[in-house]
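Make a model of this:
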Amino acid sequence: MKLYGDVLSGNCYKAQLLLEQLQRPFEWMQIDLAAGENHAERFLQINPTGEIPVLELDDGRLIAESNAILCYLSEASEFLPKEPVEKAQVLQWLFFEQNSHQPFVASARYIVHHLRNPERLAQKLQEKIEAGYRALDVMNNHLHSRKFFVNDQYSIADIALFAYTHVADEGGFELGRFPAILKWIDRVQSRANHISMNRGRLSLV
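Residues are numbered from 1 along each chain as shown. Now for the predicted structure:
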């Protein structure tokens, strides 16, 4: 398999992390977002939306969208429950991550960490942080009496939410306000075959 992505992207990191924990061999295909490689004609033939990550299977078929990739890779593995309600609850958290978490927590990180917090985006950043804190509150309350998000079993729900949560401080979020999240981050990082996310900064050049 080939995984097209940028090492600085949390969405791409999700797929990398799961592949490593599954011990599945794959070839990393770097797509430099800062250089606009995701909009080059060569990549648009792979994904017309210009978005990463994209997983290319051995037979050439393609899967885009980070959480769709997680669902495909985790099928019939310990990372996706077989019981229908638990499986649906994992999907629930994947939808939450894409709709209520990532648009705010990841966007705030991009403004602060990558764009160096320009004054012109101050109002937008404040809005992102306020909405991001609401998402983190939901997570912290849920984890207060749980080890992981679904049935106390580590799953792709945890992988999806971990990607941008554990670097939320780079977007101006005070993770110290969320003790249950901090304990959960430690548990996720202690899992077998865990790999760290590249916490570099996208070049503006």
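
Can you check which helix is longest in this structure?
helix 122-143 (DSSP state H).

Quick one: mean pLDDT over the helix or strand just after that one.
Heading C-terminal from helix 122-143, the first helix or strand you meet, by DSSP states H and E, is helix 156-165. The average pLDDT for helix 156-165 rounds to 98.

How about residues contacting helix 156-165?
Defining contact as Cβ atoms under 8 Å, 6 or more residues apart in numbering, one finds that helix 156-165 is touched by 10-11, 13-14, 17-18, 66-67, 70-71, 74, 79-80, 89-90, 93-94, 96-97, 101-102, 105-106, 109, 136, 139, 148-150, 175, 181, 184-185, 188, 197. Bear in mind the C-beta positions are built from the backbone N, C-alpha and C, glycine included.

Need the CA coordinates for that helix. CSV is fine.
Extracted as CSV, the C-alpha positions of helix 156-165 are listed here (Å, rounded to 0.1, in the frame of the first residue of the first chain):
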residue,chain,number,x,y,z
ILE,A,156,-9.9,4.1,16.0
ALA,A,157,-12.1,6.6,18.0
ASP,A,158,-9.1,7.2,20.2
ILE,A,159,-6.7,7.4,17.3
ALA,A,160,-8.9,10.0,15.5
LEU,A,161,-9.3,12.2,18.5
PHE,A,162,-5.8,11.8,19.8
ALA,A,163,-4.2,13.3,16.6
TYR,A,164,-5.1,16.9,17.2
THR,A,165,-5.9,16.8,20.9
